[in-house]
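J.: Below: sequence and its predicted model.
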Amino acid sequence: MSKMKVLVAGSALGAAILAGPAAAAVTGTVAATSEYTFRGITSSDGAAVQGSLDWSDGGLYAGIWGSNTAPLVFDGTEVDLYGGYKFKLSDAVEVDIGAIYYLFPESEQISASAFDADYPEIYGGVNLGNFSAKLYYASKYFGELSADESATYLNLAYNMPLKDTLGLKFAVGYSDGDGVENFFDLLDDGALNASAETQDYLDYSITLTKTLDNGFAASFGLVGTDIDDSSLDFNDDPKFVVTLSKGFEI
């Protein structure tokens with residue numbers, strides 16, 4: 001997808017958000033992070049500046065998120081469009097269903113095969129107190145790269161409040177499917193590596209978050225995977241990630 005299409009999609013979503021009813025909430029974030037990670041995989045360019053704009057009304061929500069780096073092989077930007085619906089089954093149980101569209105504007109320029117990496121994904125999740133579980137499904141993981149191969153991702157998390165402004169989050173995820181295998185076949189230079197053996201893997205993270213004054217927050221996390229494949233051309237060692245963010249309302 002071209003940069004112009006991304007700008008048009010983002011502008012249309014932004015207009016819809018700002019034109020929402022007065023009762024709706026419009027919020028945003030800006031953040032700087034030492035390492036952008038996607039399901040345990042580090043980005044190729046390291047540190048990133050990221051931002052989001054979100055609209056919500058009752059259980060409905062929609063938003064746009066962007067980063068100047070993208071996972072593994074995509075050296076350019078990433079823009080995500082998402083929307084969904086949250087509702088309560090009881091005072092303790094909340095359900096979340098929705099969809100994400102991942103856009104990688106430069107993906108067609110970084111490979112000799114000029115593949116289009118954009119792809120949609122659907123998800124469903126449940127929150128039970130401090131526990132949460134969410135399942136994602138993509139029928140064409142990273143677009144044309146996967147040749148119509150699917151992928152699933154299951155994430156389990158536990159949030160542990162330590163103080164009013166301090167919390168600790170433990171999370172583990174599991175990625176599986178032929179689309180995941182194809183994703184790892186692609187190296188930084190855009191070539192396919194038939195020797196890659198990774199088809200499924202676990203990722204994990206432990207994150208300490210401190211809420212500061214005036215909408216600021218700082219987080220310190222350890223992120224890693226169980227990947228042990230010497231044929232892959234990226235550093236899969238555990239990473240220590242530091243993030244500073246600022247939230248605001250419109």
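T.: Looks like it came in fine. Numbering: from 1, shown residues only.

J.: For this protein, which residue occupies the most central location?
T.: Phe38 (5.7 Å; C-alpha atoms, centre = their mean).

J.: tell me the contacts of Gly215?
T.: Contact analysis of Gly215 by C-beta atoms under 8 Å, 6 or more residues apart in numbering lists 246-248. C-beta: built from backbone N, CA, C; applies to glycine.

J.: Show the pLDDT at it.
T.: The per-residue pLDDT reported for Gly215 equals 93.

J.: excluding its backbone neighbours, what's nearest it?
T.: Gly247 (4.4 Å; C-beta to C-beta, 6 or more residues apart in numbering).

J.: buried stuff in the strand or helix carrying that neighbour?
T.: Under the criterion of DSSP states H and E, Gly247 resides in strand 239-249. For strand 239-249, the neighbour count (16 or more other C-beta atoms under 10 Å) marks 239, 241, 243, 245 as buried.

J.: Next: stretch 128-137.
T.: For stretch 128-137, the neighbour count (16+ other C-beta under 10 Å) marks 132, 134, 136 as buried.

J.: need those in JSON lines with secondary structure, distance to Ile206 and pLDDT, can you?
T.: Formatted as JSON lines, the buried residues of stretch 128-137 follow (DSSP: H, G, I helix; E, B strand; the rest coil; distance: C-beta to C-beta, whole Å; pLDDT from 0 to 100):
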{"residue": "Ser132", "secondary structure": "strand", "distance to Ile206": "15", "pLDDT": "98"}
{"residue": "Lys134", "secondary structure": "strand", "distance to Ile206": "18", "pLDDT": "98"}
{"residue": "Tyr136", "secondary structure": "strand", "distance to Ile206": "21", "pLDDT": "98"}
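
J.: Quick one: those residues as JSON lines, columns for distance to Glu106 too.
T.: Shown next, in JSON lines, are the buried residues of stretch 128-137 (distance: C-beta to C-beta, whole Å):
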{"residue": "Ser132", "distance to Glu106": "33"}
{"residue": "Lys134", "distance to Glu106": "28"}
{"residue": "Tyr136", "distance to Glu106": "24"}
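
J.: with those residues in mind, which one is nearest to Thr211?
T.: Within those, the smallest distance to Thr211 is 19.0 Å, found for Ser132 (C-beta to C-beta).

J.: give me the element the closest residue to the closest one other than its chain neighbours is part of.
T.: For Ser132, ignoring the flanking residues on the chain, the nearest one in space by C-beta to C-beta, 6+ apart is Ala157 at 4.9 Å. Secondary structure assignment for Ala157, by DSSP H and E: strand 151-163.

J.: Which helix or strand lies directly C-terminal to that strand?
T.: That would be, after strand 151-163 and using DSSP H and E, strand 166-176.

J.: Given that next one, what are its sheet partners and their directions?
T.: When pairing is defined by DSSP bridges, strand 166-176 lines up against strand 151-163 (antiparallel), strand 201-211 (antiparallel).
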